[in-house]
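In: Here's a sequence, model it:
(one chain, ligands or ions: 1)
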Amino acid sequence: MTVIWTTEAVVVRVVRYGERDAILTLLTETGLVTAMARGAARPTGRLSAAAQLCVQGTYVLYQGRGMGDVRQAEVTRQRRALHEDVVKAAYAAYLCDLAARAVPERPDAPPAAYRQFVAVLDGLEADHVPVDVLARAFELKVCAWLGVGPDWRVCIRCGVPLAETREAPRYDPFEGGLICADCASATGSAAVRGWPLPRKISAVLHLLAQADIAKLHRVDLSGAMRDALSRILAHQLQEFAGVGGRARQVLDEIVASLPHPPAEDGRDLDT
Ligand SMILES: [Zn+2]
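Out: Numbers count the residues shown, from 1 in each chain. Predicted structure coming up:
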């Protein structure tokens, strides 16, 4: 059976195919789809503008047996800012890779996947929220979609609400979740006691996991909090969902190699 269909989509992967063509992975509202964009690898190709990472548009796909073909495409968002700034480009490439690995093929995507991914790219362009915080918010969505997002508000061992405990929680890298100080000290080895964390991390993880990324505005977090979020989520995704590892390492190396902007240290949440 052959069908022609039209979909809104964002390009999350581009693989050159021969001299002229490119194979695109498109994130649509219902999930990922792969399609050949003929001539797109040539700068003058009719589809070349629509075959760039992060570009958003309306794609007309011709689907026969096997891989579909992009027949036409109308770009609605070129997202130039994401290609011109080194840090944004690195984050955008990482997030596209994460989406391409973590979102299921159509029609099985979680309902929010497309909208949250578009929101994270919009956020990278807009500059209202630090790029690493946006990435962490999207990583938390991915954790939930892949079934490795625990309830960050409670100790995963004893279930106590972490907002009610006096001491800061820890992260258990073997079980993949936060544990209260009592559970941490009840175990013998330092490894099992988990990673020390900032006091309010439970509330921050829960807030970012629940947040609509499009509605995140002022997010004021300390450097220590942002480091802890980064470390936890890199581990959580790689260890328990098997995604992100290499791409996340590349991102971290690029960001670490750049001169650091003046520190803008926030106060974490006043919750
Ligand atoms: Zn506990």
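In: who in this structure is up against the ion?
Out: 155, 157-158, 180, 183 (CB under 5 Å from the ion). C-betas here are computed from N, CA, C, even on glycine.
In: biggest separation within the residues you listed, which pair?
Out: R157 and C180 (7.5 Å; CB to CB).
In: Give me the more crowded residue out of those two.
Out: C180 (25 against 17; other CB atoms under 10 Å).
In: Run through the residues that contact the closest residue to the more buried one other than its chain neighbours.
Out: Residue nearest to C180 in three dimensions, not counting chain neighbours: C155, with 3.9 Å by CB to CB, 6 or more residues apart in numbering. Neighbouring residues of C155 by CB atoms under 8 Å, 6 or more residues apart in numbering: 162, 165, 169, 178-180, 183.
In: that's a strand at M36, yeah?
Out: Yes - per DSSP: H, G, I helix; E, B strand; the rest coil, M36 lies within a strand segment.
In: Count the residues that sit near it.
Out: 18.
In: Please apply the same query to the one 4 residues further on.
Out: Using other CB under 10 Å, A40 has 25 neighbouring residues.
In: got it, and V11?
Out: Using other CB under 10 Å as the criterion, V11 is surrounded by 25 other residues.
In: ok, how many other residues are close to the closest residue to it other than its chain neighbours?
Out: Leaving aside its sequence neighbours, V11 sits nearest to V55 (CB to CB, 6+ apart; 5.0 Å). Counted with other CB under 10 Å, residues neighbouring V55 total 25.
In: so what's V55 up against?
Out: V55 neighbours (CB under 8 Å, 6+ apart): 10-11, 49, 75, 77-79.
In: Keep only those of the contacts of C155 that are in helices.
Out: C183 (DSSP state H).
In: from the contacts of C155, which is closest to P150?
Out: Distances from P150 to the contacts of C155, taken by CB to CB, are shortest for L178, at 7.5 Å.
In: which residue packs closest to the closest one, ignoring adjacent ones?
Out: According to CB to CB, 6+ apart, the nearest residue to L178 is P169 (4.4 Å).
In: cool, G64 as well?
Out: Per CB to CB, 6+ apart, closest to G64 is T2, 4.7 Å.
In: Settle this for me: the one you found is touching L61, isn't it.
Out: No - if you go by CB atoms under 8 Å, T2 and L61 don't touch, sitting 11.0 Å apart.
In: Let me see the domain layout of the protein.
Out: 3-77, 79-271 (automatic domain parsing).
In: can you tell me which of those the model trusts least?
Out: Note on the domains of the chain: domain 79-271 shows the lowest mean pLDDT, a mean of 92.
In: before we move on, the earlier item: more neighbours, T2 and L61?
Out: Neighbours per residue (other CB under 10 Å) separate T2 from L61, with L61 holding more: 23 against 8.
In: nearest residue to A214 other than its sequence neighbours?
Out: A119 (3.9 Å).
In: How about P107?
Out: Using CB to CB, 6+ apart and skipping the chain neighbours, the partner closest in space to P107 is T30 (4.3 Å).
In: The stretch 51-200 of the chain: strands as residue ranges?
Out: 56-63, 68-77, 170-172, 177-179, 195-196 (DSSP state E, counting those that start in this stretch).
In: Determine the longest strand present in the protein.
Out: strand 3-17 (DSSP state E).
In: what does it rub up against?
Out: Contacts of strand 3-17 (CB under 8 Å, 6+ apart): 22-29, 32-33, 36, 41, 50-63, 71, 96-97, 99-100, 114, 117-118, 121.
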